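**Student:** only the shape, not the letters, is given here:
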């Protein structure tokens, strides 16, 4: 009798293993894209719509946006992009970007890493940050304006969307609409 119960429990785990958690397509690297401009961005953002190939090397923040929007759309349709962060090289590209979304409907935050893997998107706290505008300067232009790469993040700061780029003691902010260095 004990053997049958153990066998039934193991069988139940195998049968229901795919039913737990959000269903996010997986694969080697990022294979999530949606047709249309900006990757069908549910957040109203305008990405390139290009699919990011993880083995192709670093990519800009806009190049990964279509994949991030597609990944978040799998679990939540009504979201707003509120932030982007990554480690930028001197060309403004990163091997991984993290895209932060807020959902007013559920009062939750979500983070998607691109290239997308099975462990993403992740739930986070609702940030209350203002949504980024539909048009913003890409990471490559922001780093070019600052003259150095580093820890790059895009979010609304002091009422304006801005890239902040920090490298050691050097810190620079770039207006994400005009592309001009701030302050």
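**Tutor:** Happy to help now that I have it. It should be emphasised that the depicted structure is a prediction, and the values quoted were computed from it without experimental measurement.

**Student:** from here on, just use CA atoms for contacts and neighbour counts.
**Tutor:** OK.

**Student:** any weak-confidence spans in the chain?
**Tutor:** Where the chain drops to pLDDT under 70, the residues are 1-55, 118-120.

**Student:** show me where the protein has helices.
**Tutor:** 2-16, 61-75, 139-146 (DSSP state H).

**Student:** since we're on the nearest residue to residue 154 once chain neighbours are set aside, how many residues are nearby?
**Tutor:** Leaving aside its sequence neighbours, residue 154 sits nearest to residue 163 (CA to CA, 6 or more residues apart in numbering; 4.4 Å). Using other CA atoms under 10 Å, the number of residues around residue 163 comes to 31.

**Student:** can we start the residue count at 17 from this point?
**Tutor:** That works, and once the first residue is 17, the last one we named lands at residue 179.

**Student:** residue 179 touches residue 171, doesn't it?
**Tutor:** Yes - here residue 179 lies in contact with residue 171, judged by CA atoms under 8 Å, at a distance of 6.8 Å.

**Student:** quick one: residue 167 from residue 119, how far?
**Tutor:** Residue 167 sits 26 Å away from residue 119, going by CA to CA, to the nearest Å.

**Student:** can you check residue 153 too?
**Tutor:** Separation of residue 153 from residue 119 (CA to CA): 24 Å.

**Student:** residue 145 and residue 116: what is the separation?
**Tutor:** In terms of CA to CA, residue 145 sits 10 Å off from residue 116.
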